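Asks: fold the following, please.
(one chain, ligands or ions: 2)
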Amino acid sequence: MPDANEALIVIDVQKDFCPGGALAVPGGDQIVPGINALMAGAGAVVLTQDWHPSGHSSFASSHEGRDPYEVIDMPYGPQVLWPDHCVQGRKGARFHAGLQVDHADMIIRKGYNPDIDSYSAFFENDHETPTGLEGYLRTRGIDRLVMVGLATDFCVNYSAVDAAGLGFDVTVRLDLCRGIDLDGSLDAALAGMRQAGVTLA
Ligand code: VGL
Ligand code: ZN
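Replies: Ligands and ions are numbered 1, 2, ... in the order given. So this is what the prediction gives:
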């Protein structure tokens, strides 16, 4: 029996984060069949979609003389600069073609604010501006979350840590996540999630 108090949160399983995409995560497409199987039996399913306007401030191409993967200081803190990815309405922003999106109750988009990135499904990178997902889950009576998707060390990590901080019981299924691993970011993310009380499974 699906559990009505538990939601499966599927983070950013989009073409640009899969092999061949603009910001490909190694093995990003391998997790799709397992996620489909989990969605089929879940009580509630939320998909997140990275959804940037062209010229977004997280793109290296928006900063004269900067290259992808450099880190710059933004008013809200350090920001990794990325290749252009998940641009609103473009092919790369679509979900992976094999993802069974019909299972989703809710699709939440993030990163649409031109001046702030949003790794987390709950808050933009200022750690302040809410996306509305917390209210959606709480009004449905959901207090336990299982998270899967891309990338382990960025959007999954930020979403899991924020959710734990908001008081949700959070499990990250590492077998159904894949990471980018920039300069040890994967180990740092795993330690940070454990520290925040997230269960890593
Ligand atoms: C992500 C970098 C930039 C992610 C999104 O989904 O982890 N990473 N935008
Ligand atoms: Zn992004």
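
Asks: number of nearby residues for Ala160?
Replies: Close neighbours of Ala160, defined as other C-beta atoms under 10 Å, add up to 31. Using the backbone N, CA and C atoms, a C-beta is placed for each residue, glycine as well.

Asks: is it in a helix, a strand, or coil?
Replies: Three-state assignment for Ala160 (DSSP: H, G, I helix; E, B strand; the rest coil): helix.

Asks: how about it, what does it touch?
Replies: Ala160 is in contact with Met147, Val170, Val172, Met193, Ala196, Val198, counting by C-beta atoms under 8 Å, 6 or more residues apart in numbering.

Asks: surely Asp143 touches Phe168?
Replies: Yes - counting by C-beta atoms under 8 Å, Asp143 touches Phe168, with 6.1 Å between them.

Asks: check the contacts of Ala160 and tell me the two furthest apart.
Replies: Distance extremes for the contacts of Ala160: the farthest pair is Met147 and Ala196 at 12.4 Å, using C-beta to C-beta.

Asks: one step back: any chance of the contacts of Ala160 in CSV, plus distance to Pro33 and secondary structure?
Replies: Below are the contacts of Ala160 laid out as CSV (distance: C-beta to C-beta, whole Å; DSSP: H, G, I helix; E, B strand; the rest coil):
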residue, distance to Pro33, secondary structure
Met147, 18, strand
Val170, 23, strand
Val172, 19, strand
Met193, 24, helix
Ala196, 29, coil
Val198, 24, coil
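
Asks: let me know the closest of those residues to ligand 2.
Replies: Distance to ligand 2, by C-beta to the ion, is smallest for Met147 among the contacts of Ala160, at 17.0 Å.

Asks: which residues does that closest one bridge with?
Replies: Bridge pairing for Met147 (DSSP bridges) gives the partners Ile9, Val172.

Asks: what about it, neighbour count?
Replies: Applying other C-beta under 10 Å, we find 29 residues neighbouring Met147.

Asks: now the residue of the chain most remote from its centre: phi and psi?
Replies: Centroid-distance maximum for the chain: Gly65 at 27.8 Å, with C-alpha atoms, centre = their mean. Phi and psi for Gly65, reported as degrees, to the nearest 10, are phi 80, psi 10.

Asks: and it, what pLDDT?
Replies: Note for Gly65: predicted pLDDT of 97.

Asks: repeat for Ala4
Replies: Listed pLDDT for Ala4 reads 87.

Asks: that one: neighbouring residues, count only.
Replies: 11.

Asks: just say helix, strand or coil for it.
Replies: At Ala4 the chain is in coil, as set by three-state DSSP.

Asks: verify the contact between it and Ala44 for me.
Replies: Yes - at 7.4 Å, Ala4 and Ala44 qualify as touching, with contact defined as C-beta under 8 Å.

Asks: from Asp115, how far out is the residue farthest from the centre of the chain?
Replies: 20 Å (C-beta to C-beta, to the nearest Å).

Asks: same check, this time on Asp143
Replies: 33 Å.
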